[in-house]
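Enquirer: no sequence for this one, just the structure:
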């Protein structure tokens, strides 16, 4: 393999826009992948709050950069700035990857692709089956749309009626009209309805932040104050663990902790489980391919930065 040891006049710029971004693993994995494949690219982080995004975007376009990632809080506003949206990004209403195609900036969303690849990586095939999806925020929306595009037959989206609800209604309508998936949006709060959905599903996916460190004792709960800042409740909404059966796959987009309370409870009932760590890896790998046309050396990157 070739190795680019220094930045020169031909180096192509990629990077991450968002705020904060200093904690991101993206520079580690992308720069290592560029070096491993001998590609003359560099990846940097730029702390760009939403109110500075337009001017930053215009600057990057003038500089003719190869592309960039967007993270919170910039993933929605960037949709209004790019020249074109991919079908998935258009339905999701959020962009996490932008590529320069002959001067036109095209917005993609690779989060859902990352999740679906992580399902395959865990050894599962959910195409043609039923999914119960918890949440309707950014991560949930990406998973929902990509799962529908990939061929998951039925998706029941459970969410509280929060600021994401209206957007979720539009996404469900779009998925039902533009794909072969049968999608439903259901208000979270009825144990029986949720239990029936899980019983009919091959996979249960938590795409909320509930259970993330430091609030590791929390699970999806009855008291919806859990979704606000006061994470104090320790009662699981899914009280009837009989719905957790050996044939059920349970996944969580959270990877800190590596095993959430939901995953631990499911595993105790014999379910097959996996977390969100490889979703992070594979969404980055898809962005890498969009920019370079090359496959990221995933196993190498996994060994360096994603080994538990």
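Expert: Thanks, I have it. Since the structure is predicted, the reported quantities are computational estimates derived from the model, not experimental observations. Numbers count the residues shown, from 1 in each chain.
Enquirer: where along the stretch 151-300 of the chain do the helices fall?
Expert: Along the stretch 151-300 of the chain, the stretches classed as helices by DSSP state H, counting those that start in this stretch are 165-178, 191-200, 261-268, 277-292, 298-305.
Enquirer: show me what contacts residue 48?
Expert: Contacts for residue 48 were tallied using C-beta atoms under 8 Å, 6 or more residues apart in numbering; they are 17, 18, 19, 56, 74. In short, each C-beta sits where N, CA and C put it, glycine included.
Enquirer: now with 6 Å?
Expert: 17, 56 (C-beta atoms under 6 Å, 6 or more residues apart in numbering).
Enquirer: related to what we said a few turns ago, okay, the helices of the stretch 151-300 of the chain, which one's buried deepest?
Expert: Of these, the one with the most neighbours on average (mean count of other C-beta atoms under 10 Å) is helix 277-292, at a mean of 23.
Enquirer: ok now that helix, how far from the chain's centre?
Expert: Relative to its chain's centre, helix 277-292 lies at 11 Å (C-alpha atoms, centre = their mean, to the nearest Å).
Enquirer: so what secondary structure elements neighbour it?
Expert: Counting contacts by 3 or more C-beta pairs under 6 Å, 6 or more residues apart in numbering; DSSP states H and E, helix 277-292 is packed against strand 97-101, helix 111-121.
Enquirer: Would you convert the helices of the stretch 151-300 of the chain into TSV that also reports mean pLDDT and distance to residue 117?
Expert: Shown next, in TSV, are these (pLDDT from 0 to 100; distance: least, C-beta to C-beta, whole Å):
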stretch	mean pLDDT	distance to residue 117
helix 165-178	94	20
helix 191-200	87	24
helix 261-268	86	19
helix 277-292	96	4
helix 298-305	95	9
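Enquirer: picking up where we left off before, is it possible to get a markdown table of the helices and strands packed on helix 277-292 that adds mean neighbour count and mean pLDDT?
Expert: What follows is the helices and strands packed on helix 277-292, written out as a markdown table (neighbours: other C-beta atoms under 10 Å; pLDDT from 0 to 100):
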| stretch | mean neighbour count | mean pLDDT |
| --- | --- | --- |
| strand 97-101 | 22 | 98 |
| helix 111-121 | 23 | 96 |
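Enquirer: got CSV for those, with distance to residue 250 too?
Expert: Shown next, in CSV, are the helices and strands packed on helix 277-292 (distance: least, C-beta to C-beta, whole Å):
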stretch, distance to residue 250
strand 97-101, 28
helix 111-121, 12
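Enquirer: Ok, which of these comes nearest residue 184?
Expert: Comparing the helices and strands packed on helix 277-292 by their distance to residue 184 (C-beta to C-beta), the top pick is helix 111-121, with 18.2 Å.
Enquirer: what's in contact with the host helix or strand of residue 91?
Expert: Per DSSP states H and E: residue 91 is located in helix 87-92. Outside helix 87-92, the residues within contact range by C-beta under 6 Å, 6+ apart are 95, 107, 108, 109, 141, 142, 145, 146, 174.
Enquirer: remind me which residues of the stretch 101-250 of the chain are low pLDDT?
Expert: 220-244 (pLDDT under 70).
Enquirer: Strands of that one, start to end?
Expert: Remark: strands assigned in the stretch 101-250 of the chain by DSSP state E, counting those that start in this stretch are 104-108, 130-134, 154-159, 182-187, 203-206, 249-252.
Enquirer: ok, back up a step: which stretch among the helices and strands packed on helix 277-292 comes nearest residue 36?
Expert: The closest of those to residue 36 is helix 111-121. By C-beta to C-beta, the value is 19.3 Å.
Enquirer: Would you mind getting the angle between that closest one and strand 130-134?
Expert: 130 degrees (axes from the mean of the first three to the mean of the last three C-alpha atoms, to 10 degrees).
Enquirer: helices or strands up against helix 111-121?
Expert: By 3+ C-beta pairs under 6 Å, 6+ apart, helix 111-121 packs against helix 138-150, helix 277-292.
Enquirer: per-domain residue ranges of this protein.
Expert: Split into domains by automatic domain parsing, the chain comes to 12-109+279-305, 115-274.
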